[in-house]
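> okay, predicted coordinates and the sequence, questions at the end:
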Amino acid sequence: MKTFLKSCAWLILVGVIIGGFYVFAILVPKVDKDLNQVTAHAPYPVSETAQTLHDSLLITDLHADNLLWRRNPEKRNNYGQVDFPRLREGGVNIQVFSAVTKSPRGLNFDENDAGAPDDIALLAKAQLWPVRTWGSIYERAAFQAQRLHRLASHKENKLVIAKSKSDLDQADDVLIGLLLTEGAHPLEGKIENISRLYNEGYRAMGLQHFFDNALGGSMHGRSQSGLTEFGKAAVKEMERQNIMIDVAHSSVASVRDTLAITNRPIFISHGGTISHCPQTANRNLPDDILIEIASRGGIIGIGYFNGVVCDISPKGIAAAIIHAVNLLGPDAVALGSDFDGSVTTAFDTSELAALTHELLEQGLDALTIRKVMGENAKIYFTNNLPD
């Protein structure tokens, strides 16, 4: 009997090891590959003039979710959309790294119940994140920030995390990272968590993501409500600490409430315009709100995925950018890819010269291209990061 029980124990142990290996080494990378696809395409045209201009640009991307995935960003991967080598191939100087901490299955733009299953909890377990992250949304944000800090500690990465204005002044070969929470779910209803996240390095915070939360209504939640009293207090505390506020997924009412109580400019890290793509009304904010954000010194990052634009090709994204420039002015438009955010794109970050080419082809002048591709975002960060 002892021999039989011992054999059973060994079989169970072997089964656990094999199952763990399958989830960690096979299933998780497969999910990553499936959710973060780049459509197959022939090389995009890039004229000599466009390449010369592109090589001279300062390029900033307001949103990428690379920290969510276990793949190593220090090496060039053959799947996904962002890693350090490809950022450098694309000429990116400043990359905002967003921390996704709570997300529903299916990423439904229309309506999500705040009590629906949370896929990030499953992903944290499957990727062997620390146990503290399995049940704590705050700890998921802290872990992702700590991961970026570890990467910055490797000198060969030439990565600096921007926490103050002075951190934006770096040599050309240094990649500047900036931390953003995808929604304020990591606050977990506690105002003091704003300071804790600030101490982890976060200098920008979204208010909502796919769910309504303690701060107020999400664009994709059931309530469509504005800010709660806690939400108003949190917004004021973020403003007091010079934390930039992202309203990319907030309800119309939440954004209007935020504009009513803030003095500092807010921004949209990844989005688009309904007037250019009417079928994005369940994801993009109305034009009048975008105009007000822009008029107060804010910026709008144009995304590269279906849901915020109608055409995800370089040509289509260029058209969306030019429409936004005409609507909001040349100083209010930026790039907000949402790379690695469970989206399919037509190119990865190494291919950004194709976007510069299309902007030129469609008649945007070089000065405005410089602004849109990165200078507007850097100016916004310079004006709003702490001293």
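Looks like it came in fine. Numbering: from 1, shown residues only.
> could you pull out the helices for the stretch 251-387 of the chain?
Taking DSSP state H, counting those that start in this stretch, the helices of the stretch 251-387 of the chain run over residues 252-261, 287-295, 314-328, 353-361, 366-370, 376-384.
> just name the most buried of these.
helix 353-361 (a mean of 23; mean count of other C-beta atoms under 10 Å). C-beta coordinates here come from the backbone N, C-alpha and C atoms, glycine included.
> pull the CA atoms of that one into PDB?
Output of helix 353-361 as PDB, limited to C-alpha atoms (Å, rounded to 0.1, in the frame of the first residue of the first chain):
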ATOM      1  CA  ALA A 353       8.700  55.300 -40.400                       C
ATOM      2  CA  ALA A 354       5.700  54.000 -42.500                       C
ATOM      3  CA  LEU A 355       3.500  56.400 -40.500                       C
ATOM      4  CA  THR A 356       5.800  59.300 -41.100                       C
ATOM      5  CA  HIS A 357       5.700  58.400 -44.900                       C
ATOM      6  CA  GLU A 358       1.900  58.400 -44.900                       C
ATOM      7  CA  LEU A 359       1.600  61.700 -43.100                       C
ATOM      8  CA  LEU A 360       3.900  63.300 -45.700                       C
ATOM      9  CA  GLU A 361       2.000  61.600 -48.500                       C
END
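> and the contacts of it?
44-47, 49-51, 53-54, 57, 90-91, 314-315, 317-318, 321-322, 347, 366, 369, 372-373 (C-beta atoms under 8 Å, 6 or more residues apart in numbering).
> returning to what we had before: export the helices of the stretch 251-387 of the chain to JSON lines and append columns for distance to Asp169.
Formatted as JSON lines, these follow (distance: least, C-beta to C-beta, whole Å):
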{"stretch": "helix 252-261", "distance to Asp169": "30"}
{"stretch": "helix 287-295", "distance to Asp169": "26"}
{"stretch": "helix 314-328", "distance to Asp169": "27"}
{"stretch": "helix 353-361", "distance to Asp169": "24"}
{"stretch": "helix 366-370", "distance to Asp169": "18"}
{"stretch": "helix 376-384", "distance to Asp169": "9"}
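> out of those helices, flag the one nearest Asp119.
helix 252-261 (23.1 Å; C-beta to C-beta).
> can you put the helices of the stretch 251-387 of the chain in TSV and add distance to Gln146 and mean pLDDT?
TSV is the format used below for the helices of the stretch 251-387 of the chain (distance: least, C-beta to C-beta, whole Å; pLDDT from 0 to 100):
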stretch	distance to Gln146	mean pLDDT
helix 252-261	29	98
helix 287-295	31	98
helix 314-328	33	98
helix 353-361	32	98
helix 366-370	34	98
helix 376-384	22	98
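> what's the closest of those to Val235?
helix 252-261 (5.6 Å).
> helix 287-295 and that closest one, what's the angle between them?
Orientation check (axes from the mean of the first three to the mean of the last three C-alpha atoms, to 10 degrees): helix 252-261 against helix 287-295 gives 30 degrees.
> helix, strand, or coil at the residue positioned nearest the centre of the chain?
Geometric centre of the chain, nearest residue: His63, 3.1 Å, by C-alpha atoms, centre = their mean. Recorded secondary structure, His63: strand (DSSP: H, G, I helix; E, B strand; the rest coil).
> equivalent analysis for Asn93, please.
strand.
> please tell me how far it sits from Arg147.
From Asn93 across to Arg147, the span is 21 Å (C-beta to C-beta, to the nearest Å).
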